[in-house]
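J.: Sequence first, predicted model second:
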Amino acid sequence: MAKKNTLTVILFVLMSFLASAQEGLPIYTDYLTDNYYLIHPSMAGAANCAKVRLTGRQQWFGHENAPKLLTLSANSRIGDSQSGIGGIVFADENGYHSQKGAYFTYAHHLMFSRSEVDLNMLSFGLSAGFIQYQLDETSFLFDGPDPIVSGGVESATNFNIDFGFSYHYLDFYLHGTVKNVLENSGVNNDLSITSNMRRYLFSTGYVFNKYGSSWSFEPSIMFQLRELTQEAAIDLNAKAYKTMDFGRIWAGLSYRKSFDGAEYVNDGNSIDSQTLNQITPILGINYNNLMFAYNYSHQIDDVVFTNGGFHQITIGFNFNCRRARYECNCPAVN
């Protein structure tokens, strides 16, 4: 492929990262490391244990200003009540853009089963928080004065909310969340670009287990849609769990496909297009109350910024655990 064509697609990829740099907490595959609360506020306090999760993600090792993300989340049921609370703090750097944020969550869980043995629960959650955006223009190169380039560090702090629901019925689950419900100006005050950062997320899955077996299997999907640009993507996921004396070991595979892409002229001077196609293997272990997971995302398109992938490590701790009340294979809850 000609150099100029490669640069065209690379520029599209980079602009896609920058376009999402002001949307709050980025959505990767963190939720698959026993951390659905990170994207669905209705999961705060849904599990039998209080959970703390620390995640670090680094993209494109060896490249200056490559995207990186650090998140810390915690959530718990409030005593024996039907309410749960949670909190998330994160720091995200993406080239010249960076953002820091903190959310607080309240969730309420309604039980419809006659007893807690059979899981039939509907949950609602609301997260509210502040996000500080920064755009560092000190190293921008331009010829002469430019009204949209200040040459300094632009910053803005905005308030926003996320709202969602979850439904668990035995081994089945369904989540839906609206992120960035409110409109605001963002860091560059361009209302046509940043006024609407609303994003819709839907997740569903089922855990299969043969009676008496120590193995269980969980296929799931996650669909996301950005309202302003109508950009959409889907995750197709599969996980396998093995129950051990000390806890559980598990592994999974996630495939993300975007429905939007870039067009370019190939070597034959015809027009081709490319969408985001990303595959992520996941390995994890629950040892008593500790959890450790690693995943590696690799973009499998023809034209990429670099052959290097995206590394992510998650460390977790469960505490204030109650007994596993439900007769179901539901690792996110039981």
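T.: Great, that's in hand.

J.: Just the C-alphas of whatever helix or strand residue 123 lives in, formatted as CSV.
T.: Assigning secondary structure by DSSP states H and E places residue 123 in strand 120-136. This file holds the C-alpha atoms of strand 120-136, laid out as CSV (Å, rounded to 0.1, in the frame of the first residue of the first chain):
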residue,chain,number,x,y,z
ASN,A,120,-34.8,-12.9,40.0
MET,A,121,-33.5,-9.4,40.5
LEU,A,122,-34.1,-6.0,38.8
SER,A,123,-31.6,-3.3,39.6
PHE,A,124,-31.4,0.4,38.8
GLY,A,125,-28.3,2.6,39.2
LEU,A,126,-27.3,6.3,38.9
SER,A,127,-23.8,7.6,38.7
ALA,A,128,-22.9,11.3,39.0
GLY,A,129,-19.5,12.8,38.8
PHE,A,130,-17.0,15.4,37.5
ILE,A,131,-14.6,15.1,34.7
GLN,A,132,-11.6,17.4,34.1
TYR,A,133,-10.5,17.7,30.5
GLN,A,134,-7.1,19.0,29.4
LEU,A,135,-5.7,19.8,26.0
ASP,A,136,-2.0,20.6,25.9
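
J.: Enumerate the positions of that strand that are buried.
T.: Within strand 120-136, the residues scored as buried using 16 or more other C-beta atoms under 10 Å are 120-123, 125-129, 131, 133-135. No exception for glycine: its C-beta is placed from N, CA and C like everyone else's.

J.: Report the buried residues of stretch 279-288.
T.: Result for stretch 279-288 [16+ other C-beta under 10 Å]: buried residues 279, 280, 282, 284, 285, 286.

J.: Dig out what the fifth one forms beta bridges with.
T.: For residue 285, the beta-bridge partners are residue 249, residue 292 (DSSP bridges).

J.: which residues touch it?
T.: Neighbouring residues of residue 285 by C-beta atoms under 8 Å, 6 or more residues apart in numbering: 247, 248, 249, 250, 291, 292, 293.

J.: okay if I get the residues you listed as TSV plus neighbour count, pLDDT and distance to residue 168?
T.: Listed next are those as TSV, based on neighbours: other C-beta atoms under 10 Å; pLDDT from 0 to 100; distance: C-beta to C-beta, whole Å:
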residue	neighbour count	pLDDT	distance to residue 168
247	15	90	21
248	17	94	19
249	15	96	23
250	23	96	19
291	23	96	20
292	14	97	25
293	25	96	22
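
J.: which residues in the stretch 51-200 of the chain form helices?
T.: In the stretch 51-200 of the chain, the helices defined using DSSP state H, counting those that start in this stretch lie at 191-194.

J.: Would you mind listing where it has pLDDT under the threshold?
T.: 60-66, 116, 137-152, 185-194 (pLDDT under 70).

J.: ok, which stretches of it are strands?
T.: In the stretch 51-200 of the chain, the strands defined using DSSP state E, counting those that start in this stretch lie at 68-77, 83-94, 97-111, 120-136, 153-169, 172-179, 199-206.

J.: Among the ones you listed, which comes closest to residue 35?
T.: strand 68-77 (6.7 Å; C-beta to C-beta).

J.: Can I get that closest one in CSV, CA atoms only?
T.: Only the C-alpha atoms of strand 68-77 are listed here, as CSV (Å, rounded to 0.1, in the frame of the first residue of the first chain):
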residue,chain,number,x,y,z
LYS,A,68,-2.9,4.8,28.8
LEU,A,69,-5.6,4.4,31.4
LEU,A,70,-5.7,3.9,35.2
THR,A,71,-9.0,3.1,37.0
LEU,A,72,-9.9,2.4,40.6
SER,A,73,-13.4,1.2,41.4
ALA,A,74,-15.2,0.0,44.5
ASN,A,75,-18.8,-1.0,45.2
SER,A,76,-20.8,-2.7,48.0
ARG,A,77,-24.3,-3.5,49.3
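
J.: Give the other helices and strands that it contacts.
T.: Under the contact definition 3 or more C-beta pairs under 8 Å, 6 or more residues apart in numbering; DSSP states H and E, strand 68-77 sits against strand 50-59, strand 83-94, strand 97-111.

J.: neighbours around residue 159, how many?
T.: For residue 159, the neighbour count with other C-beta atoms under 10 Å is 10.

J.: residues contacting the closest residue to it other than its chain neighbours?
T.: Take residue 159 and drop its neighbours on the chain: the residue closest to it by C-beta to C-beta, 6 or more residues apart in numbering is residue 130, 5.5 Å away. The neighbours of residue 130, taking C-beta under 8 Å, 6+ apart as the test, are 101, 102, 157, 158, 159.

J.: circling back to that earlier point, out of the buried residues of stretch 279-288, who's nearest residue 46?
T.: residue 286 (16.9 Å).
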